[in-house]
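S.K.: Quick one, what's the 3D model for this:
(chains A, B, C and D)
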2 protein chains.
Amino acid sequence: MIQQAHKSNEIAAQAFSLIKECGLRPSPQRIAVAAYVLCYRTHPTADEIFTGLKEQYPSLSRTTVYNTLHSLVSSKGIMEVNVEPGIARFDGYTEPHAHFRCQMCNMIYDIDLIEMSFPEEFDISGVQVNLTGCCPQCRVNPKP
Amino acid sequence: MIQQAHKSNEIAAQAFSLIKECGLRPSPQRIAVAAYVLCYRTHPTADEIFTGLKEQYPSLSRTTVYNTLHSLVSSKGIMEVNVEPGIARFDGYTEPHAHFRCQMCNMIYDIDLIEMSFPEEFDISGVQVNLTGCCPQCRVNPKP
DNA sequence: TATGACTTTGTAATGAGTACAAAGTTAGAA
DNA sequence: TTCTAACTTTGTACTCATTACAAAGTCATA
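M.R.: Numbers count the residues shown, from 1 in each chain, chains lettered A, B, ... in the order given. Next up, the predicted model:
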């Protein structure tokens, strides 16, 4: 699951402290889920995380994946991304940024926000900027 | 369903042309669905539209509501709003604007975007800016 | 090691949305 | 007007993400 060996410790440690900061016991399953989200920058779905970890943790349950993700989201350790209707994706990068989903290849890109301002009377705790369209790759090389 | 009688014709006409522009036959059901979305600025769900129209159109089917909404969305006559995970909402106001969902009262506000810029290499055809937090009403008068 | 709290698991249920085919409706030709 | 083909609506059955819940397992600490 973790591709670059020299980064694996670092990510595991990050995952460990994320779980602790969230006030949860750092069980192997929870660390694995947190590490998956931190490691992969593909904005995985709960099912992708479950399937990706199933080989290494054969007893892993979907409920554990959902529980862990929800705990991490509610303590703001990770972000839930709703760039695609009907399915939740998760992102370990929590700094404010936009998401761009290519309608051709369905890949999701992170995009930094240059400038954005909102009225002050709203007490804004969460921002999701979700874009759709055609990515640079697909503009050059469109898939059928 | 339409509260202000003097506006009802106007909205029905707008709904009619929306359906036509979309290349569909303007059936009573389709006009009703389009008019509902245009009339109510509450970002209704498919189910809210279905329930709201059921009394006036007892034979109305959920499938018809979904079909009509999808046609209107794909021809950009209305917008699908994913400000809440797991449920699609619909918005007749199609100018670029943000949505703010109050986590206390769950109301969805329209917010005009003052300024926003994105990298040019992405061909952006859809923008969703979804905010959550606490609305001015709930700041003053929090509900338990 | 015993106890109680926390965690994981698996199954069943929920609920939004979709697929599909049958029934109904409409426009336009004959 | 009547017929026909295309379009539209309806209802049922299904899919699939997510949730509820209770039983089984694990761990920290006394």
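S.K.: Distance check, the residue lying closest to A:Glu121 once chain neighbours are set aside against B:His97.
M.R.: Residue nearest to A:Glu121 in three dimensions, not counting chain neighbours: B:Pro136, with 4.6 Å by C-beta to C-beta, 6 or more residues apart in numbering or on different chains. Placement of C-beta: from N, CA and C, glycine included. B:Pro136 sits 18 Å away from B:His97, going by C-beta to C-beta, to the nearest Å.
S.K.: Check A:Glu80 too.
M.R.: Remark: distance between A:Glu80 and B:His97 (C-beta to C-beta) = 22 Å.
S.K.: do A:Pro85 as well
M.R.: Counting by C-beta to C-beta - A:Pro85 and B:His97 are separated by 19 Å.
S.K.: Report the buried residues of the helix or strand of chain A with the lowest mean pLDDT.
M.R.: Within chain A, confidence by mean pLDDT, DSSP states H and E is lowest for strand A:123-134 among all helices and strands, at a mean of 76. Neighbour counts using 16 or more other C-beta atoms under 10 Å in any protein chain shown place A:123, A:127-134 of strand A:123-134 among the buried residues.
S.K.: counting contacts, what elements does it pack onto?
M.R.: Applying 3 or more C-beta pairs under 8 Å, 6 or more residues apart in numbering or on different chains; DSSP states H and E, we find strand A:123-134 packed against strand A:98-102, strand B:123-134.
S.K.: so what's the residue nearest to A:Glu121 scoring on pLDDT?
M.R.: Predicted confidence (pLDDT) for B:Pro136: 82.
S.K.: Was I right to think it contacts A:Glu120?
M.R.: No. B:Pro136 is beyond contact range of A:Glu120, at 9.9 Å (criterion: C-beta atoms under 8 Å).
S.K.: and the closest residue to DNA strand D within chain A, how far is that from B:Ser75?
M.R.: Nearest to DNA strand D in chain A, going by C-beta to the nearest atom of the strand, is A:Ala88, at a distance of 3.2 Å. Plainly put, A:Ala88 is 27 Å away from B:Ser75 if you go by C-beta to C-beta.
S.K.: For those two, work out which one has more neighbours and name it.
M.R.: Remark: of A:Ala88 and B:Ser75, A:Ala88 carries more neighbours, 19 against 14, as counted by other C-beta atoms under 10 Å in any protein chain shown.
S.K.: what sits against the more buried one?
M.R.: A:Ala88 makes contact with A:45-46, A:80-82, B:85-86, according to C-beta atoms under 8 Å, 6 or more residues apart in numbering or on different chains.
S.K.: from the residues you listed, which would you call buried?
M.R.: By 16+ other C-beta under 10 Å, these give A:45-46, A:80-82 as buried.
S.K.: Check what pLDDT the residue positioned nearest the centre of chain A gets.
M.R.: Nearest residue to the geometric centre of chain A (C-alpha atoms, centre = their mean): A:Asp91, 1.9 Å. At A:Asp91, the predicted lDDT confidence score is 95.
S.K.: still on that earlier bit, neighbour count winner among B:Pro136 and A:Glu120?
M.R.: Per other C-beta under 10 Å, whichever of B:Pro136 and A:Glu120 has more neighbours is B:Pro136, with 14 against 8.
S.K.: before we move on, the earlier item: could the helices and strands packed on strand A:123-134 go into TSV alongside distance to DNA strand D?
M.R.: Listed next are the helices and strands packed on strand A:123-134 as TSV, based on distance: least, C-beta to the nearest atom of the strand, whole Å:
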stretch	distance to DNA strand D
strand A:98-102	15
strand B:123-134	15
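S.K.: what's around A:Ser74, how many residues?
M.R.: A:Ser74 - counted by other C-beta under 10 Å - has 11 other residues nearby.
S.K.: quick one: buried residues of whichever helix in chain A runs longest?
M.R.: In terms of residue count, the longest helix belonging to chain A (DSSP state H) is helix A:5-21. Within helix A:5-21, the residues that count as buried by 16+ other C-beta under 10 Å are A:11-12, A:14-15, A:18-19.
S.K.: OK, contacts around A:Arg139?
M.R.: A:Arg139 touches B:Asp123, counting by C-beta under 8 Å, 6+ apart.
S.K.: For A:Tyr109, see how far away it is.
M.R.: 13 Å.
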